[in-house]
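Chemist: Please work out how this folds:
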Amino acid sequence: MPSADADRAERRRRFRHAYGLHRAAEGRGSGGIEELLSLPNPGTGALADQWAIRRCTYRRFISAVLRPCAKETWPRPLHLVDLGAGNGWLCYRVEQLGHRAVALDIRCDLVDGLGAAAPYAFHLPRMFARVAASFDAIPTLSGVFDIAVFNASLHYAEDLSVVLTEAARVVRSKGWIAVLDSPVYSSERHGEAMVEEKRREARVRLGLRAADLMALASVEYLTRERLASASRDAGLHWRRYRVRYPLWYELRPVLAALARKRPPSRFDLWVARRP
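Modeler: Residues are numbered from 1 along each chain as shown. Sure thing, here's the model as predicted:
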């Protein structure tokens, strides 16, 4: 009988493989280097609407987190770790601003994993570091970063408390932890309804691949209460920064109510500071 660690490693292997195929099918990375260098600015492809939303969150992150933190550390540059970095676009932007970044992800594929970040090296004075690892066991000393950011990734955590405690460990005292673009619901009931809908639709659309995509027992969504409970041991207290999205996106709750559907999630910026 395989050990728990071996079982977890196998589930992650299945997920990485299936997720790379899934992202490629969505059109990720299909725009080449030009698209890669433009992120998070929306293009004209099938994912333009998603990037229009993510650009808004990124701008709020810059104004509410990165710039205030940079004032604290000036004249030295910031040191940031992007946990669940994907193709590393946020690290690229941070390096362009004159700071230092590390991209960490469990995927190294060329679609939108760490392998896809290679072209950034030709457009930066110094390429940012890429680390293939899980954010529940970050391979670095404690207190080495000013900012730890989960960029559309925290909802993939399998144990929210472990992951947030690790993030708090690797940032300095009074360091910043930011959560971008993870679905947040006002209640567990609405979050669980989303998970059930997602799994049902995946089984219909993806067939056998759905099992591998859902191989990780991830948390899938956040609530204010979930964040508070999982952060108790780390001593983190969260503040929500509302992000102003395009009108068509802000109208989603109204349209859902009219259609008598569950309320949609929000993707605001959540910030905590290490004690």
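
Chemist: Could you use CA atoms for every contact and neighbour count after this?
Modeler: Noted.

Chemist: Report how many residues lie close to Pro68.
Modeler: 11 (other CA atoms under 10 Å).

Chemist: tell me the SS of it?
Modeler: Under the three-state scheme (DSSP: H, G, I helix; E, B strand; the rest coil), Pro68 adopts helix.

Chemist: what about Glu220, distance to Ala64?
Modeler: 25 Å (CA to CA, to the nearest Å).

Chemist: ok, those two, which is more surrounded?
Modeler: Glu220 (20 against 15).

Chemist: and that one, helix, strand or coil?
Modeler: Applying three-state DSSP: Glu220 is coil.

Chemist: can you check Glu166 too?
Modeler: Going by three-state DSSP: Glu166 is helix.

Chemist: what do you get for Glu72?
Modeler: Classification of Glu72 by three-state DSSP places it in helix.

Chemist: burial measure for it, as a count.
Modeler: 11.

Chemist: For the protein, just list every one of the helices.
Modeler: 4-26, 32-38, 48-61, 67-73, 89-96, 160-170, 188-206, 209-213, 224-230, 247-250, 252-258 (DSSP state H).

Chemist: So which bits of the second one are buried?
Modeler: Right, helix 32-38. Buried residues in helix 32-38, counting neighbours by 16 or more other CA atoms under 10 Å, are found at Glu35, Leu36, Leu37.

Chemist: Can you check the pLDDT for Leu208?
Modeler: Note for Leu208: predicted pLDDT of 68.

Chemist: hang on, I meant Asp136
Modeler: Asp136 is assigned 94 on the pLDDT scale.

Chemist: ok, and the closest non-adjacent residue to it?
Modeler: Val163 (4.6 Å; CA to CA, 6 or more residues apart in numbering).

Chemist: Where does pLDDT dip in the protein?
Modeler: The model of the chain has pLDDT under 70 over residues 1-2, 21-22, 30, 44, 208.

Chemist: can you rerun that using 80?
Modeler: Low-confidence segments of the chain, defined by pLDDT under 80: 1-31, 42-46, 202-216.

Chemist: Let me see the contact set for Ala152.
Modeler: Gly84, Val179, Leu180, Asp181, Ser182 (CA atoms under 8 Å, 6 or more residues apart in numbering).

Chemist: backbone phi and psi for it, please?
Modeler: Main-chain torsions, Ala152, degrees, to the nearest 10: phi 60, psi 40.

Chemist: sorry, back to before: Thr140: which of the helices of the chain is closest?
Modeler: Closest approach to Thr140 among the helices of the chain (CA to CA): helix 160-170, 7.2 Å.
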